Structures are given as structure tokens and as C-alpha cells.
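**Q** Whatever this is, show me its structure:
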Amino acid sequence: MRGATMMRLVVAGGGLIGARHITHAMAHHQIDLVGVIDPDPRIRAGAPVAGFRDIRDVDVPVDGIIIATPTDLHVQHAETAAARGWHMLIEKPVASTIEQADRIVAATERAGVAALVGHHRRYHPKVQALRALLAGGQIGKPVLASLIWAVRKPDDYFEVPWRAGREGSPVMLNLVHDIDLLRFLFGDVIHVSGFGTGALRGQGRIESGGITLGFDAGQVATLGFADTTPSPWGFEAGTGENPNIATTGQDMLWITGTAGAVSFPSLTLWGGANDWSQAPRPTTIPCGDGVPLVAQLDHFVQVAGGQVAPLIDARDARKTLAATLAVEAALMTGGDGT
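**A** The predicted structure is shown next:
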């Protein structure tokens, strides 16, 4: 990366998340957005910078790339970017398969470039505060967690060809974020079980289900999810971090421990009870707000400049991918994915 103040950046993929990356990159004081890569000429024409049909066509100096293309293309684009010496921010999930993730790890480590993976919820100030609260023992040892992610995706969401089939399931597209959030809070997943169904739309993909995760430190988490229900519960709805999803401000994650409990994103802390004869009392933990994608971009600039290590690199993201693939397997078979 040149200098200490500006990173020359290209964004590959101008879809829903790519468009948000482009907007934030253009506004960032340490980033010079030099190109947008997308096979769609309408997206290239709408970008305020040079447009390229393919990553191999880029003919301007580049320090880093945001890879926001369909997941199956991540490995190809990451290997090409690594060969060109570009640091990269790869959208989640890091890849479609473990073999592809291993290729990304090998390519980036061989080239000596950084690979940050876009599990951007880790950067949310309230997630950081929740993690610090748990690490500080404010609810004792965490024991149980319960999480809901439930929205109704609009019908035209599935008009994009690759979303029309199994790939349009919310497991790899959405639930992967929640699985990574729980990994960020509790550590490695050692057990997965669950059941899923696609009965409402009947289009051959999992739409809703329930999951149980076990963690190596002993915590157990349950996750309920659906993309067919207009509910107030979900990370995006609760925090307001995604402009495409309406904000409700409702809690969607509840964690109990040996000395209390906490709900998120309100950061309501319940304590003061020793057993069931006493009623826990609520207090609210103060915390500022922020835009996780912007904080992630700030971090990427520092990672590319060699100032810090990635908060989640390709090796760590591989673990989230492995857990998510195990969840998908359990939902498809109605059993144990581990």
C-alpha cells in the first residue's frame, strides 16, 4: 500500500452490499476509489469511477480490493487479487466450500497479502460492548443464548437468477452473520443440530428452521430463523444497521449466565438475583452507535497499511463457514450436522 494516508481501492460487485461499499469508500478520507468491477454495463456506467468488466481488466494502480461478488466467485477473484499483490476484504461467507476457503488462505499467505473477511457485525459498537460485558463477567459464566432472525424478503428479491434456487436460502446469505456473531462471543462451535423447511414458497430451498449450537466452552445457543415472516426481530431490525431493512429497535438476542442475563441490542443487563426466589433487576448499559461497514472500512485501511492484524481473517472465517455448512447440512437432513 502506498503512503500512510490513502489506499487505492477497487470494488468487485455492484449489487446490494457492493453498492453500500462503494458509497462508503467514496466518502472515506483515506480511500481513493479507483474502479468498480462488474459484468453488468449498467452498474459500471452508474459508477462515478472507472468501470471494468472483469478483475483481469483492471489497468490502474491498486492497493486493495473489496470482493462483493457471488460467493462461488470469491476464490477465483481472491486468487487473482493475491497474484496482483492486492490486500482484500472478502464479503461473507469467505467461500462456498471448505476447499475454496483453503485455496483463499493458501493464495493470500503465499502472496503475503492481508485477507479481511466481511463479518461486519463484529465492528458494531454494541457488539463490541456486549463482548466486553461477557468477558468482564458481568453475567457470570455465560450458559444459554437464544437468537431470532426473522424477516419477509420481498418477492422480487428472488428474481435474481442465482437466488431462485437453493443458493437463495437465508442460511449462507443471512444466518452466517448470526453464527459468526455467536462465535465472536462464545468461541468455536463443536455441535450442530437442527430442522429446516421450505414449505411456504415450495421452491426447493430452506426458508425457516431452528438450530442448536454447542460451543467448546460449554455454552448452548438456539437460533430461530425465517425469511417468510414480517417480524420485528433480527439484528438488522434491532440495530438499524441495514438501510434496506426497516428498524424496529427490538431485542433479538438473549444471553443468560450464572450471575445474570443480558438482552441485545438494548444492552439491558439483568442482575441482583441469586436464585428463583429473587427477581432480577434491569439496568441499561450505555453505548454509542455507529455504522459497522464504515468501522470495517476503517479497519481495512489499517490492515492494508500493516498497522493491525485482521479482526477476522480467512482462517477464522473458514471456521464460521464450516459451522454454517454444518448448520445447512443439519437443516437439510433434519438431524445432526456435526
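**Q** what's the nearest residue to the residue nearest to the spatial centre of the chain if we skip its chain neighbours?
**A** Against the mean C-alpha coordinate of the chain, by Cα atoms, centre = their mean, the closest residue is His119 at 3.1 Å. Residue nearest to His119 in three dimensions, not counting chain neighbours: Asp180, with 4.3 Å by Cβ to Cβ, 6 or more residues apart in numbering. C-betas here are computed from N, CA, C, even on glycine.
**Q** close enough to count as contact, the one you found and Gly118?
**A** No - between Asp180 and Gly118 there is no contact under Cβ atoms under 8 Å: 10.0 Å.
**Q** Between those two, which contacts overlap?
**A** Common contacts of Asp180 and Gly118 (Cβ atoms under 8 Å, 6 or more residues apart in numbering): Lys92.
**Q** Show me what the helix or strand containing the residue nearest to His119 is packed against.
**A** Asp180 is located in helix 176-186, with elements delineated by DSSP states H and E. With contacts defined as 3 or more Cβ pairs under 8 Å, 6 or more residues apart in numbering; DSSP states H and E, the packing partners of helix 176-186 are helix 125-135, strand 142-150, strand 189-197, strand 208-215, strand 220-226, helix 235-239, helix 314-333.
**Q** between it and strand 189-197, how many degrees?
**A** Compare the direction of helix 176-186 with that of strand 189-197 by axes from the mean of the first three to the mean of the last three Cα atoms, to 10 degrees and you get 150 degrees.
**Q** which other residues reach helix 176-186?
**A** By Cβ under 8 Å, 6+ apart, helix 176-186 touches 92-93, 119, 121-122, 127, 130-131, 134, 142, 145, 147, 149, 189, 213, 215, 217, 219, 221, 223, 225, 235, 253, 255, 312, 317, 319-321, 323-324, 327.
**Q** Do a quick rundown of the helices in the protein.
**A** 16-27, 41-46, 74-83, 98-111, 125-135, 170, 176-186, 235-239, 292-304, 314-333 (DSSP state H).
**Q** and Val58, which of the helices and strands packed on helix 176-186 is closest to it?
**A** Set against Val58 and scored by Cβ to Cβ, the helices and strands packed on helix 176-186 come closest in helix 314-333, at 21.4 Å.
**Q** and the closest one with strand 220-226, angle?
**A** Helix 314-333 and strand 220-226 meet at an angle of 70 degrees, taking the same axes, to 10 degrees as the criterion.
**Q** about what we covered before: narrow the contacts of helix 176-186 to those that are buried.
**A** Among the contacts of helix 176-186, the ones that count as buried by 16 or more other Cβ atoms under 10 Å are 92-93, 119, 121-122, 127, 130, 134, 142, 145, 147, 149, 189, 213, 215, 219, 221, 223, 225, 235, 253, 255, 312, 317, 319-321, 323-324, 327.
**Q** How far away from the center of its chain is stretch 97-108?
**A** Centroid separation between stretch 97-108 and its chain, computed with Cα atoms, centre = their mean, to the nearest Å, is 18 Å.
**Q** Domain map for the chain?
**A** As assigned by automatic domain parsing, the chain contains the domains 7-113, 122-290+321-333.
**Q** closest to Gln307 out of these?
**A** Judged by Cβ to Cβ, the one of the domains of the chain that comes nearest to Gln307 is domain 7-113, at 11.4 Å.
**Q** In stretch 192-203, which residues are buried?
**A** Judged by neighbour count (16+ other Cβ under 10 Å), stretch 192-203 contains these buried residues: 192-196, 198.
**Q** Format those as JSON lines; extra columns: pLDDT.
**A** Output for the buried residues of stretch 192-203, formatted as JSON lines (pLDDT from 0 to 100):
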{"residue": "Val192", "pLDDT": "97"}
{"residue": "Ser193", "pLDDT": "97"}
{"residue": "Gly194", "pLDDT": "96"}
{"residue": "Phe195", "pLDDT": "96"}
{"residue": "Gly196", "pLDDT": "95"}
{"residue": "Gly198", "pLDDT": "92"}
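**Q** ok, so of those, who is nearest Asp38?
**A** Among those, Gly198 lies closest to Asp38 (Cβ to Cβ), at 30.2 Å.
**Q** Now the closest one: closest residue in space, sequence neighbours ignored.
**A** Using Cβ to Cβ, 6+ apart and skipping the chain neighbours, the partner closest in space to Gly198 is Glu207 (4.8 Å).
**Q** Gly257 too?
**A** Among residues not flanking Gly257 along the chain, Ile139 sits closest, at 3.3 Å (Cβ to Cβ, 6+ apart).
**Q** now swap in His77 and tell me
**A** In space, His77 is closest to Ile67, 4.9 Å off (Cβ to Cβ, 6+ apart).
**Q** give the contact list for the one you found.
**A** So Ile67 contacts 12-13, 74, 77-78, 81, 88-91 (Cβ under 8 Å, 6+ apart).
**Q** So, low pLDDT: which residues of this structure?
**A** Within the chain, the ranges that satisfy pLDDT under 70 run 1-4, 335-338.
**Q** Please identify the buried residues of stretch 278-294?
**A** Here stretch 278-294 shows 287, 290-294 as buried, counting by 16+ other Cβ under 10 Å.
**Q** List the contacts of it.
**A** For stretch 278-294, the external contacting residues (Cβ under 8 Å, 6+ apart) are 20-21, 24, 28, 120-127, 129, 133, 241, 260-262, 266-273.
**Q** CA atoms of it as PDB?
**A** Provided in PDB are the C-alpha atoms of stretch 278-294 (Å, rounded to 0.1, in the frame of the first residue of the first chain):
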ATOM      1  CA  GLN A 278     -35.500 -13.300  43.700                       C
ATOM      2  CA  ALA A 279     -36.400 -11.200  40.800                       C
ATOM      3  CA  PRO A 280     -33.500  -9.900  38.600                       C
ATOM      4  CA  ARG A 281     -33.400  -6.100  38.200                       C
ATOM      5  CA  PRO A 282     -32.800  -4.400  34.900                       C
ATOM      6  CA  THR A 283     -30.200  -1.700  34.100                       C
ATOM      7  CA  THR A 284     -29.200  -0.400  30.700                       C
ATOM      8  CA  ILE A 285     -25.500  -0.400  29.700                       C
ATOM      9  CA  PRO A 286     -24.700   2.900  27.900                       C
ATOM     10  CA  CYS A 287     -23.200   2.500  24.400                       C
ATOM     11  CA  GLY A 288     -22.800   4.700  21.400                       C
ATOM     12  CA  ASP A 289     -23.900   3.800  17.900                       C
ATOM     13  CA  GLY A 290     -22.100   3.600  14.600                       C
ATOM     14  CA  VAL A 291     -22.100   2.100  11.100                       C
ATOM     15  CA  PRO A 292     -20.400  -1.300  11.100                       C
ATOM     16  CA  LEU A 293     -19.500  -1.200   7.400                       C
ATOM     17  CA  VAL A 294     -17.700   2.200   8.000                       C
END
